[in-house]
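> have a look; sequence and predicted model below, questions after that.
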Amino acid sequence: MKKTIIIVLSVLILISLSIGTLVYQKQKPIALPDYLQPNAGQDLSGVPDEAETLKEALRPVNTDAISYSLQNDELNITYNNGTDWIKVPIETNMLFAGEYQGNKQWLIDDSYILTEERAAFLYAQGSRESTTIQLAYSLDGGKTWQDSVITDSFPAMRFRKVGFINEQFGYVIVSGGRTMSQEYSTAFLTHDGGQSWEQTADTGNTRLIADGGFVDESTGFMSYGTINPEQPDFYVTQDGGKSWSKSIVNIPAKYDQIFVQAETPVIEGNHLTVLVNQGPNGDYEGGKVKGKFISEDNGKSWEFATEVQVDEVY
């Protein structure tokens, strides 16, 4: 009898000890040595958090080595096909501010420069009645950025274009305040690499601007007529924007009302060359032909040279 009681008590004690051990292990996990801890020896400071991992991986908009991305509602630029990215310190909505906003999948044509020497982006902020037009630019591959005010009072932009002829001289051409087929347009020039800007004189033309630009620090052009143009409406300055005059484009009878809209000229050898396109409704040769004209008097007058296919270069 005593032997039986001793056996029963022994079994109960063993069961109690087993249950206590299990409860203790559940309450207090076994501590692992440091070298067995998860991520031991790893620097996690650069590991993105959950919000970062949810962002879409950036892809360039084209196959150029120097390109950009507008993904994740940010403007980022790359100089090596997307291997590395640099965020541009501009809110993306400001890049499209104005009457014309593009499709917001790509930057508006001619509203930016992206080369090894210079990254520059036109943007605006303010109300529809009055906006401040600015240029954010970097001269060191995006490491540092500068910002300049081109004008602090301008109507909502439609046309916009920025260009640099050399390290110091550049231009911005903008238009705004459109009412039907009329609007205000003007050019601004910089002589210090974009730090400060001065406005040129008005051409006096209030038609919708189609194109414009400068070929050197003295010679610039403004081309008008976007709604059913019938002939080039072209203006030239030869004194750095202090004055403008009508540039005469002599259209051969064969091309009357065919070549109607002048583009921005370029320097070619010892003369200037300009392409004159067919406007928005041209159908001559399927609309795929432009007229090439040459000026021997620095843009005052132009003579026909040849037809050029749209996809040809100068």
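It's in.

> what's the following helix or strand after the helix-or-strand element of the chain with minimal mean pLDDT?
None of the helices or strands of the chain scores lower by mean pLDDT, DSSP states H and E than helix 50-53, at a mean of 46. Per DSSP states H and E, helix 50-53 leads on to strand 67-69 as the next helix or strand towards the C-terminus.

> could you list the paired strands of the helix or strand that comes right after that following strand along with their orientation?
Toward the C-terminus, strand 67-69 is succeeded by strand 76-78 as the next helix or strand (DSSP H and E). Taking DSSP bridges as the criterion, strand 76-78 forms sheet pairs with strand 67-69 (antiparallel), strand 86-87 (antiparallel).

> state the distance from residue 222 to residue 159.
The gap separating residue 222 from residue 159 is 10 Å, by Cβ to Cβ, to the nearest Å. (C-beta placed from N, C-alpha, C; glycine too.)

> overlap in contacts of these two?
With contacts taken as Cβ atoms under 8 Å, 6 or more residues apart in numbering, the residues that reach both residue 222 and residue 159 are 173, 185, 209.

> neighbour-wise, which one of these leads?
Ranked by neighbour count (other Cβ atoms under 10 Å), the shared contacts of residue 222 and residue 159 have residue 209 at the top, with 26 neighbours.

> what's the nearest residue to that one if we skip its chain neighbours?
If you skip the residues right next to it in sequence, residue 209 has residue 185 as its closest partner in space, 4.3 Å away by Cβ to Cβ, 6 or more residues apart in numbering.

> so that neighbour makes contact with residue 204?
No. Residue 185 sits out of contact with residue 204 when judged by Cβ atoms under 8 Å, with a separation of 10.7 Å.

> neighbour-wise, which of residue 222 and residue 159 wins?
Under the neighbour definition other Cβ under 10 Å, residue 222 and residue 159 were set side by side, and residue 222 has more, 28 against 23.

> now that one: how far from residue 130?
Computed as Cβ to Cβ, the residue 222 to residue 130 distance reads 23 Å.

> same question for residue 291.
For residue 291, the distance to residue 130 equals 40 Å [Cβ to Cβ].

> between those two, who's got more neighbours?
residue 291 (26 against 12).

> what are the pairing partners of the helix or strand containing that one, and which direction each?
When secondary structure is defined by DSSP H and E, residue 291 falls within strand 289-295. With DSSP bridges as the test, strand 289-295 is paired with strand 271-277 (antiparallel), strand 301-309 (antiparallel).

> for the first one, buried residues please.
Pointing back at strand 271-277 there. 272, 273, 274, 275, 276, 277 (16 or more other Cβ atoms under 10 Å).

> also stretch 231-243?
Neighbour counts using 16+ other Cβ under 10 Å place 231, 232, 233, 234, 235, 236, 237, 238, 240, 241 of stretch 231-243 among the buried residues.

> among these, which ones are in strands?
Secondary structure assignment (DSSP state E) places 233, 234, 235, 236, 237 from these within strands.

> let me see the contact set for the fourth one.
Contact analysis of residue 236 by Cβ under 8 Å, 6+ apart lists 219, 220, 221, 244, 245, 246, 247, 298, 299, 300.
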